[in-house]
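> I'd like to go over a predicted model; first the sequence, then the structure.
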There are 2 protein chains.
Amino acid sequence: MLNSATIRNHVNIVGQSSNTAPVLIMAHGFGSDQTAWRYLIEAFAPKYRIVLFDHVGSGKSDFNAYSPHRYKSLHSFTHDFLEICHELNLQQVTLIAHSVSCMVGLLAASLEPNRFKQLFFISASPCYLNDRDYIGGFEQADLDRIYAAMSSNYYAWASGFAPLVMGNADHPELAVEFAKSLLAMRPDISQAIARIIFQSDHRADLHKLATPTTIIQPKHDVAVPVAVGQYLAKHIPHSNLILTDTDGHLPHLSSPDIVISAIANYLQPLMLE
Amino acid sequence: MLNSATIRNHVNIVGQSSNTAPVLIMAHGFGSDQTAWRYLIEAFAPKYRIVLFDHVGSGKSDFNAYSPHRYKSLHSFTHDFLEICHELNLQQVTLIAHSVSCMVGLLAASLEPNRFKQLFFISASPCYLNDRDYIGGFEQADLDRIYAAMSSNYYAWASGFAPLVMGNADHPELAVEFAKSLLAMRPDISQAIARIIFQSDHRADLHKLATPTTIIQPKHDVAVPVAVGQYLAKHIPHSNLILTDTDGHLPHLSSPDIVISAIANYLQPLMLE
């Protein structure tokens, strides 16, 4: 018997279960999983029905659902994400997305605009490669070095990548946590997904998004330069940019209070209908 | 981070995902799991959103969620079942229940009558013990022998219990399947749950059910005498009884066509609202 998306993506539903509680989906980024949302869950569970999941290849998702054939671009993850929304019949969705999940959310909300009410992007990037005037932050040679390191010794690579991406050197436990979730991935899947993400370019899709979007851009993020947040704000029609005084690519883990108040300030009022 | 009911009970959502598709929940019986519904899924998936789950202790449920302290009566399973309904925000639910799940459904629909539209009970029993005029089918000594056999050699017990309960001796593969799912349970959990079920008496709860209920009673069922189906029909206010020409306690596996047409004949019209 085929498994549904709820099982494939280890869907977890927490918070309010009342009929009228508005829906928040939290979508994790690369190398992370749904446990990264614990501080935001605590903050928003009293008023929201919160839907959590792990992307295929991450956390407790069904690794058997992964195949290099099926997962070739962010469109595959978008398809999975929308399947979850369909199965759970989610309407008027507010999405809080981190990193790669931001472009997944952008594609999903462009495909099904009526399903989404509001988006929050944390450390989002539509394109990691520099391209003429566009500063993505990486040259192809940088990325090739990452792929080579991932395939030669995944463990060593993760141990070095985690503190770099997490920042916050004064709190080494944060990088340890991120390294652990990176190491929980199957190395071949992790490498394939890293390649899909880093080689993606969704700049041409930004203008298609009609959903109100708040971009939360850390001041210091090795994976996403501030110029990227500004680029997103310029090209996503109904967007606003919040530059947060945070360090590292996972501010929802390293500076949860700042991220929570940024979101709380911009969350649209509950259930106007 | 706590797991939600969707994970604890390995919730699987199949069939139609449209906003307007009506909801069918299928709830398996003791020693079985959600895979027992495969024929009914095939029949009803084209028009319904079907929600499947495994009770704690069965199938792919989270066995760590089991504790003898928490699971002391059918009320615990009722609580789990309602949690699934809440998390998925299910409304206007039609429940197809087998064996122990029938009384679980009865308790759930009595607690939250507005959530349920219609119930189908397959091989239901409110009380397995004979009691004066009431013919449940078992004496306490019979049950004590079952418990003793379960604890002395679970494997041997399951191999004997499965063909007895399944009936249909001309199709031994059916009993083999049932034995397999019995053997997939942890023996201590299986024995504790068997005891909860066999010692339960919900006769006094039957009159509280206000939801229309169709009782599907096999003509030959070693676990549920025909008199039990008649008793249910007499004491559940809005009920009708269908005596099916089927053998064994799991007619949805052994005679799926008969069960499917019994249900199809009595399913209330789709979405009148």
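Great, that's in hand. Numbering: from 1, shown residues only, chains lettered A, B, ... in the order given.
> what's around A:Lys72, how many residues?
12 (other CB atoms under 10 Å in any protein chain shown). The way it works is simple: take the backbone N, C-alpha and C, and place the C-beta from them, glycine included.
> what does the one 5 residues further on give?
When counting by other CB under 10 Å, one arrives at 25 neighbours for A:Phe77.
> same deal with A:Val14?
25.
> again with the one 10 residues further on
Counted with other CB under 10 Å, the neighbours of A:Leu24 add up to 27.
> That one pairs with what?
A:Ile50, A:Thr94 (DSSP bridges).
> now A:Thr35, what's its secondary structure?
Using DSSP: H, G, I helix; E, B strand; the rest coil, the three-state assignment for A:Thr35 comes out as helix.
> Distance of it relative to chain B?
Distance, A:Thr35 to chain B, using CB to the nearest CB, to the nearest Å: 5 Å.
> for A:Gly105, same thing?
Relative to chain B, and taking CB to the nearest CB, A:Gly105 is found at 19 Å.
> you'd agree A:Gln217 is in a helix?
No: applying three-state DSSP, one finds A:Gln217 to be strand, outside a helix.
> Name the nearest residue to it, sequence neighbours excluded.
Among residues not flanking A:Gln217 along the chain, A:Gly229 sits closest, at 2.9 Å (CB to CB, 6 or more residues apart in numbering or on different chains).
> From A:Ser73, how far off is the one you found?
Distance from A:Gly229 to A:Ser73, counting by CB to CB, to the nearest Å: 23 Å.
> Looking at these two, which is more packed in?
Per other CB under 10 Å, whichever of A:Gly229 and A:Ser73 has more neighbours is A:Gly229, with 25 against 13.
> I figured that one hits A:His220, correct?
No: using CB atoms under 8 Å, A:Gly229 makes no contact with A:His220, being 11.9 Å away.
> A:Thr6 in helix, strand or coil?
helix.
> Contacts only, for A:Leu232.
A:121, A:124-126, A:206, A:215, A:217, A:239, A:241 (CB atoms under 8 Å, 6 or more residues apart in numbering or on different chains).
> Could you provide these in JSON lines, with additional columns for pLDDT?
JSON lines is the format used below for these (pLDDT from 0 to 100):
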{"residue": "A:Phe121", "pLDDT": "98"}
{"residue": "A:Ala124", "pLDDT": "98"}
{"residue": "A:Ser125", "pLDDT": "98"}
{"residue": "A:Pro126", "pLDDT": "98"}
{"residue": "A:Leu206", "pLDDT": "98"}
{"residue": "A:Ile215", "pLDDT": "98"}
{"residue": "A:Gln217", "pLDDT": "98"}
{"residue": "A:Ser239", "pLDDT": "97"}
{"residue": "A:Leu241", "pLDDT": "97"}
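> Out of those residues, which is nearest to chain B?
Relative to chain B, the closest of those is A:Phe121; by CB to the nearest CB it sits at 23.1 Å.
> Any chance of the backbone angles for the closest one?
A:Phe121 adopts backbone torsions of phi -110, psi 120, taken as degrees, to the nearest 10.
> Beta-bridge partners for it, please?
A:Ala97, A:Ile215.
> That one contacts A:Pro212, correct?
No: if you go by CB under 8 Å, A:Phe121 and A:Pro212 don't touch, sitting 11.5 Å apart.
> re the thing from before, remind me which helix or strand the residue nearest to A:Gln217 belongs to.
Here A:Gly229 sits within helix A:226-235, counting by DSSP states H and E.
> ends of stretch A:66-73, how far apart?
With CA to CA, to the nearest Å as the measure, the ends of stretch A:66-73 fall 13 Å from one another.
> Buried residues, that stretch. List them.
A:66, A:71 (16 or more other CB atoms under 10 Å in any protein chain shown).
> what's the neighbour count on A:Asn114?
If you count neighbours by other CB under 10 Å, A:Asn114 ends up with 10.
> Look up how far chain B lies from it.
10 Å.
> May I have the phi/psi pair for that residue?
phi -70, psi -20.
> excluding its backbone neighbours, what's nearest A:His98?
A:Gly29 (4.0 Å).
> Find me the pLDDT at the one you found, would you?
Per-residue pLDDT puts A:Gly29 at 98.
> For it, give me its contacts.
So A:Gly29 contacts A:36, A:97-101, A:123, A:249-250 (CB under 8 Å, 6+ apart).
> How about A:His28?
A:34, A:36-37, A:54-55, A:58-59, A:98-99, A:101.
> Now render the residues you listed as TSV, adding neighbour count and pLDDT.
Shown next, in TSV, are these (neighbours: other CB atoms under 10 Å in any protein chain shown; pLDDT from 0 to 100):
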residue	neighbour count	pLDDT
A:Gln34	26	97
A:Ala36	24	97
A:Trp37	26	98
A:Asp54	22	98
A:His55	27	98
A:Ser58	26	97
A:Gly59	21	96
A:His98	28	98
A:Ser99	25	98
A:Ser101	28	98
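> Neighbours of A:Pro113, how many?
Neighbours around A:Pro113, by other CB under 10 Å: 12.
> From B:Ala227, how far out is it?
A:Pro113 is 58 Å from B:Ala227, by CB to CB.
> I'd guess A:Lys117 is in a strand, am I close?
Yes: under three-state DSSP, A:Lys117 falls within a strand.
> give me the number of residues near it?
18.
> surely it meets A:Thr211?
Yes: taking contacts as CB under 8 Å, A:Lys117 lies within contact range of A:Thr211: 7.2 Å.
> can you give me phi and psi for A:Ala148?
Dihedral angles of A:Ala148 (phi, psi; degrees, to the nearest 10) stand at phi -60, psi -40.
> in the helix holding A:Gly229, what's buried?
A:226, A:228-229, A:231-233.
> again, but for stretch A:123-133
A:123-129.
> Excluding chain neighbours, what is closest to A:Val143?
Actually, residue A:143 is Leu rather than Val. A:Phe198 (4.9 Å).
> quick one: the one you found from chain B, how far?
29 Å.
> same check, this time on A:Ser99
From A:Ser99 to chain B the distance is 20 Å (CB to the nearest CB).
> Close to chain B: what parts of chain A are there?
A:1-7, A:10-14, A:17, A:19, A:34-35, A:38, A:41, A:49, A:83, A:86-89, A:91 (CB under 8 Å from any CB of the partner chain).
> helix or strand for A:Met150, which one?
Counting by DSSP H and E, A:Met150 is part of helix A:140-152.
> moving C-terminal of that helix, what's the next helix or strand?
helix A:154-166.
> Which elements pack onto that following helix?
Applying 3 or more CB pairs under 8 Å, 6 or more residues apart in numbering or on different chains; DSSP states H and E, we find helix A:154-166 packed against helix A:140-152, helix A:172-183, helix A:187-198.
> what comes up buried for that helix?
So, applying 16+ other CB under 10 Å, buried residues of helix A:154-166: A:154, A:157-158, A:161-163, A:165-166.
> Centre of the chain to that helix, how far?
18 Å (CA atoms, centre = their mean, to the nearest Å).
> Which among the residues of chain A next to chain B count as buried?
Buried among those by 16+ other CB under 10 Å: A:3-7, A:10-14, A:17, A:34-35, A:41, A:49, A:83, A:86-89.
> Need the pLDDT of A:Ser18.
For A:Ser18, pLDDT reads 83.
> So it versus A:Pro46, what's the distance?
Distance from A:Ser18 to A:Pro46, counting by CB to CB: 12 Å.
> next one: A:Ile197
From A:Ile197 to A:Pro46 the distance is 33 Å (CB to CB).
> which residues sit against stretch A:164-180?
A:31-32, A:158-159, A:161-163, A:220-223, A:247-250, A:253-254.
> for the contacts of A:Gly29, which one is nearest chain B?
The closest of the contacts of A:Gly29, once distances to chain B are taken by CB to the nearest CB, is A:Ala36, at 10.0 Å.
> So the closest one sits against A:His252, correct?
Yes: counting by CB under 8 Å, A:Ala36 touches A:His252, with 6.4 Å between them.
> mind listing the helices in the stretch 1-150 of chain A by residue range?
A:5-8, A:38-44, A:74-87, A:100-111, A:140-152 (DSSP state H, counting those that start in this stretch).
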